[in-house]
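# Structure for the following, please:
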Amino acid sequence: MRRLLVALLLMVACAAPAAAEEGYVDVGVFIELDKPAYLSTDVVSMRVLIMNSGTATATGIVVHTKGDLEFKAGAWGDFEESGPGAKLAPDQQVVLDLTAPLVDPGDDVTQEVEVVSAEPDTDPTTNRDSAEAYVTVETSDLTLTIYGDADRDGVVDQGEAMAGVVVELTGGITHESFRARTSADGIIRFPKIPGGRYWVRANVPNGWYIDATVPLIVRTEQQATAIAATHDDLSKLVATVSLDRASYAVGDTVRERVTLTNTGASDLTGLFAKCGILSPFGNENHLVATNWDELTQSEKGPGATVRAGETRVWEFTDVVAPRAYDYGFVVLECDFTLRTLSFGAYAGTRAAVPGGKGRYGGQLVSDRQPVPNVKLLMINTITGEIAARAVSDATGRFLFPELPADVYELRALGPWRWETPTFLVQVLAGEHREFPPLVLLPGPVLLDPAAPPPAEKKSTVDTPTPQASPTPRPAGLADTGTDVAGLTALGMLLVVAGALCLRRRQNCV
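Model (predicted):
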């Protein structure tokens, strides 16, 4: 049902635009089977969502269906193919729960459903949907071989068997888990396990990977299956991405360049670009690498190959979305990795989308009490420059003036610190945002990096006769024992930490 809900939301969001005064019909269907695998004697349950996302009433809607399921006469109600058809008002939907036995399914179960209306349909691409499942056995004696396919020929060659690998199967028609370790010949025998679809996890050696997105289908009473692990040393992959300009406006075309270099001695295959990484502030201003040829993240595609010592370059285009204006910048941020992994060779860049401004305010507290007279800085995380200043009033409240939309570090001066090393803030265009009460903790005194160093005090004591002594302290040291240059370095360190927060998801607001 989750798939049907997502489909429904997409269908509403993507309804074809048309003149409202004319009205249009847009019927669609989505279907879902209740199991991924069935016994040949099972009765299958299928849920069907039929809806009209148009602005005019659809009439004469009938269903055409074909496949391995045999439905009783009248099962489709008003949508029966032989009848006059059903009627759906704009944005109306109907959910049908149907059951049917399997009819000569063979190895697979496939069913296709199409809906048509008497009126012309604005978007016929949503009028048809299909669902698939497997036919399996009640129990199976499964022999499983795990091997390291060093030459990538898909064959278990001598010396490729992986011994001592712990393998876990999860799923089947009974939704159970089975766990065992491979023998010296890389083999595990799972006797009398339920048939069906299983997901495989294996603790293969470092640098070796099994594609965990591909299920193991157990179909027969005696089955032997080999699962290949491939060796991909992603530490040898170097990635860079770049944009053709430093600044864009909404609607501009962005030209993206991707460069991958394999510095290792073995080929890297099955590489995908996983872009639009979720930052603490969302990824509405991220370029998401759609239609990136072989690099496009896919469940079935082979991915890209970068040979040992090779550098490959791709060039793509995208468009700056309106939301990037609200953030003040557009981001291209990707991990180049295998299908089954989240992280790999990281590359990221950004460009400005200037013009928008926003404000931020809030209240400072410590031990649940307001903290007045605290100086606050908003620091640009890219340049390290102070973008704005504010001071908390008697109630602990503060308000920054309008700032260009961007990500900033919020820094408190004086003997205070935050709960986290770096406090990042996203200022959004056209918005006045309020922090929840911000907790200050006692900490080392942090001075204003832009303030001049304190003046030296003149000594009133007679100068003694010079004697050998340690190297004197430089003039202008703060009470912390660190000079202004050191404090500036600390500030820049926090800015760098702020950038890493965007990359690796530290606590941010």
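# Break the protein down into its structural domains.
2-135, 139-231, 234-352, 358-453+479-504 (automatic domain parsing).
# can you put the ones you listed in CSV and add mean pLDDT and mean neighbour count?
Every residue, glycine included, has its C-beta placed from N, CA and C. Shown next, in CSV, are the domains of the chain (pLDDT from 0 to 100; neighbours: other C-beta atoms under 10 Å):
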stretch, mean pLDDT, mean neighbour count
domain 2-135, 85, 17
domain 139-231, 92, 16
domain 234-352, 90, 17
domain 358-453+479-504, 81, 17
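# Surely S130 and F30 touch.
No - contact between S130 and F30 fails when scored by C-beta atoms under 8 Å: they sit 10.2 Å apart.
# For E310, list the residues it contacts.
By C-beta atoms under 8 Å, 6 or more residues apart in numbering, the contact set of E310 is T261, N262.
# hmm, try it at 7 Å
Contacts for E310 (C-beta atoms under 7 Å, 6 or more residues apart in numbering) come out as N262.
# ok, now V425?
Applying C-beta under 7 Å, 6+ apart, we find V425 in contact with Y360, V407, Y408, L410, V509.
# Could you find the closest non-adjacent residue to N52?
L88 (3.9 Å; C-beta to C-beta, 6 or more residues apart in numbering).
# Report the beta-bridge partners for that neighbour.
A58 (DSSP bridges).
# Tell me the spacing between it and A118.
11 Å (C-beta to C-beta, to the nearest Å).
# Could you list the paired strands of the helix or strand where P444 lies along with their orientation?
Per DSSP states H and E, P444 falls inside strand 441-446. Take DSSP bridges as the rule and strand 441-446 pairs in its sheet with strand 414-417 (antiparallel).
# Please state the offset of the strand it pairs with from the chain centre?
With C-alpha atoms, centre = their mean, to the nearest Å as the basis, strand 414-417 stands 36 Å off its chain's centre.
# Over to stretch 212-228?
With C-alpha atoms, centre = their mean, you get 29 Å for stretch 212-228.
# ok, now stretch 234-241?
Computed by C-alpha atoms, centre = their mean, the chain-centroid distance of stretch 234-241 equals 19 Å.
# what's next to that stretch, contact-wise?
Defining contact as C-beta under 7 Å, 6+ apart, one finds that stretch 234-241 is touched by 256-264, 268, 332, 334, 336-337, 344-349.
# among those, which are in strands?
256-262, 268, 332, 334, 336-337, 345-349 (DSSP state E).
# ok, which pair from the contacts of V425 is furthest apart?
Farthest pair in the contacts of V425 (C-beta to C-beta) is Y360 and V407. Separation: 11.8 Å.
# Tell me the span between the first and last residue of stretch 378-395.
By C-alpha to C-alpha, to the nearest Å, the extent of stretch 378-395 from end to end equals 20 Å.
# And stretch 261-272, by the same measure?
14 Å.
# who's in contact with it?
For stretch 261-272, using C-beta under 7 Å, 6+ apart, the contacting residues are 152, 230-233, 236-238, 295, 297-298, 302-311, 336-339.
# Contacts only, for the residue nearest to N52.
For L88, the contact set (C-beta under 7 Å, 6+ apart) comprises V27, M51, N52, T57, A58, I61.
# Okay, strands next: where are they in the stretch 201-350 of the chain?
Using DSSP state E, counting those that start in this stretch, the strands of the stretch 201-350 of the chain run over residues 208-209, 216-218, 222-231, 237-243, 253-262, 268-275, 286-287, 304-306, 311-319, 329-338, 345-352.
# Between strand 345-352 and the fifth one, find me the angle.
Okay, so that is strand 253-262. Strand 253-262 and strand 345-352 meet at an angle of 160 degrees, taking axes from the mean of the first three to the mean of the last three C-alpha atoms, to 10 degrees as the criterion.
# Can you tell me the strand partners of strand 253-262 and which way each runs?
With DSSP bridges as the test, strand 253-262 pairs up with strand 237-243 (antiparallel), strand 311-319 (antiparallel).
# Ok, which of those comes nearest V371?
Among the strands paired with strand 253-262, strand 237-243 sits nearest to V371 (C-beta to C-beta), with 42.0 Å.
# What angle do strand 329-338 and that closest one make with each other?
160 degrees.
# Would you mind writing the CA trace of strand 237-243 as PDB?
Extracted in PDB, the C-alpha atoms of strand 237-243 (Å, rounded to 0.1, in the frame of the first residue of the first chain):
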ATOM      1  CA  LEU A 237      39.000   6.600  -6.800                       C
ATOM      2  CA  VAL A 238      39.500  10.400  -7.000                       C
ATOM      3  CA  ALA A 239      36.400  12.500  -7.900                       C
ATOM      4  CA  THR A 240      35.900  16.200  -8.800                       C
ATOM      5  CA  VAL A 241      32.800  18.100  -9.900                       C
ATOM      6  CA  SER A 242      32.700  21.600 -11.200                       C
ATOM      7  CA  LEU A 243      30.100  24.100 -12.500                       C
END
